[in-house]
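1. Kindly return the folded structure for what I paste below:
(one chain, ligands or ions: 1)
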Amino acid sequence: MRHLIDTRTLTRDEALLILDTAEDMAATQQREVKKLPTLRGKSVVNLFFEDSTRTRISFEAAAKRLSADVINFSAKGSSVSKGESLKDTAQTLQAIGADGVIIRHPASGAAARLASSGWIDAGVLNAGDGTHEHPTQALLDAFTIRRRLHGEGSRGKGLDGVSVVIVGDIAHSRVARSNLWLLNALGARVSFVAPETLLPFGVRSWPVAIHHSLDTALREEQPDVVMMLRIQSERMHAAYFPNDREYARNWGLDDRRFEGLSDDTLVMHPGPMNRGLEISSRAADSSQSTVLEQVTHGVSVRMAALYLLLSGERIES
Ligand code: CP
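-> The predicted model follows:
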């Protein structure tokens, strides 16, 4: 594997290799000395053209725990604000000698463009491109589900027959798309729940069940996992329908809907959360919620991705 751009083209075996390597990495994180020498002497650049908390610090922690040198680049305050292109920015990174580039960009396809451009020799990891994909988010979500359902160290197992209901602003969600492709590859059954205005064009040709009513979906799909998505108001070009109040009433995981879930249904959210809009605090802070576990597991999954892309070796836990 040279780049990690999407989950749509990942095979089940490739996905399991990343998840199983993440188990190896998680095992190393329970040791007193967490740092591994694996990427010593390598440079990794965090190239962020969009805001991030979790993904940026998680990739930084992952690279540092593998002993790589990390260079953080944020478009704000850089020469991008003077009009510098992606090509010139990438070639500057090439001149610095980056071995890996982690890119978040508002344009769908930016990561693929960087990987195929020939502008750089580095391995490219997509940290979210427009509304296209966010592969490491889906991988850490799958890792979290697998750990909760099959236990720690459950190497080699997929998510066969697991019912996952993904709710909210699917239209703008790279997380929903990456999860759909990955969960399908791992054998799960995926449903999307959203008002028609927040579904992407062409979704009915995708391998997913569609619901408009959250109450119907929760009743009919009997989900093992309910994944709530953030309303991405920054990507809306006009007032969206429904408005916040209607949205919370019809598509929010409020206290009533949360109480109606089975006790072992997992509640997920990639963050950042709009509490009271898409999810209630009671649901988000419950023992069924995996929100903080997702962040913790993100470091192991990103260590695995960096390791597989940049070192080419396997290690034992
Ligand atoms: N889940 C996620 O991508 O969060 P950030 O935007 O904070 O990185």
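
2. Low-confidence stretches in the stretch 101-250 of the chain?
-> 238-240 (pLDDT under 70).

3. Might you enumerate the residues of it proximal to the ligand?
-> Counting by Cβ under 6 Å from any ligand atom, the stretch 101-250 of the chain comes close to the ligand at 128, 137. (Each C-beta comes from the backbone N, C-alpha and C, glycine too.)

4. where do the strands sit along the stretch 101-250 of the chain?
-> 123-129, 163-167, 189-193, 209-211, 225-228 (DSSP state E, counting those that start in this stretch).

5. any idea how far residue 120 is from residue 311?
-> Going from residue 120 to residue 311 by Cβ to Cβ, to the nearest Å gives 18 Å.

6. quick revisit: got the strands of the stretch 101-250 of the chain as TSV, with mean neighbour count columns?
-> Formatted as TSV, these follow (neighbours: other Cβ atoms under 10 Å):
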stretch	mean neighbour count
strand 123-129	26
strand 163-167	24
strand 189-193	23
strand 209-211	16
strand 225-228	27
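
7. Format the ones you listed as JSON lines; extra columns: distance to residue 69.
-> What follows is the strands of the stretch 101-250 of the chain, written out as JSON lines (distance: least, Cβ to Cβ, whole Å):
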{"stretch": "strand 123-129", "distance to residue 69": "15"}
{"stretch": "strand 163-167", "distance to residue 69": "37"}
{"stretch": "strand 189-193", "distance to residue 69": "39"}
{"stretch": "strand 209-211", "distance to residue 69": "46"}
{"stretch": "strand 225-228", "distance to residue 69": "35"}
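
8. related to what we said a few turns ago, which one's more surrounded, residue 120 and residue 311?
-> Counted by other Cβ atoms under 10 Å, residue 120 and residue 311 do not tie: residue 120 has more neighbours, with 21 against 16.

9. Excluding covalently adjacent residues, which one is nearest to the more buried one?
-> Ranked by Cβ to Cβ, 6 or more residues apart in numbering and with sequence neighbours excluded, the top spatial neighbour of residue 120 is residue 94, at 4.5 Å.

10. That neighbour is in what secondary structure piece?
-> helix 86-96 (DSSP states H and E).

11. Check which helices and strands that helix is in contact with.
-> On a contact count with 3 or more Cβ pairs under 8 Å, 6 or more residues apart in numbering; DSSP states H and E, helix 86-96 meets strand 43-48, strand 69-74, strand 100-105, helix 110-116.

12. deepest of those, which one?
-> Of all the helices and strands packed on helix 86-96, strand 100-105 carries the top mean neighbour count, a mean of 26, counting by mean count of other Cβ atoms under 10 Å.

13. Can you give the contact residues for that one?
-> With Cβ atoms under 8 Å, 6 or more residues apart in numbering as the test, strand 100-105 has contacts from 42-50, 52, 55-56, 59, 63, 68, 86, 90, 93, 110-111, 114, 120, 122-130, 306, 309-310.

14. For the strand or helix carrying residue 18, buried residues please.
-> Assigned by DSSP H and E, residue 18 belongs to helix 12-28. Under the neighbour-count criterion of 16 or more other Cβ atoms under 10 Å, helix 12-28 has 15-26, 28 buried.

15. for stretch 195-208, same thing?
-> Of all the residues in stretch 195-208, those buried under the rule 16+ other Cβ under 10 Å are 195, 198-200, 203, 208.

16. And for stretch 266-286?
-> Using 16+ other Cβ under 10 Å as the test for burial, stretch 266-286 gives 266-271, 273-274, 277-280, 283-284.

17. I'd like the distance from it to the chain centre, please.
-> Its chain's C-alpha centre and that of stretch 266-286 lie 16 Å apart, by Cα atoms, centre = their mean, to the nearest Å.

18. what do you get for stretch 20-35?
-> 20 Å.

19. and the end-to-end length of it?
-> Taking Cα to Cα, to the nearest Å, stretch 20-35 runs 19 Å from one end to the other.
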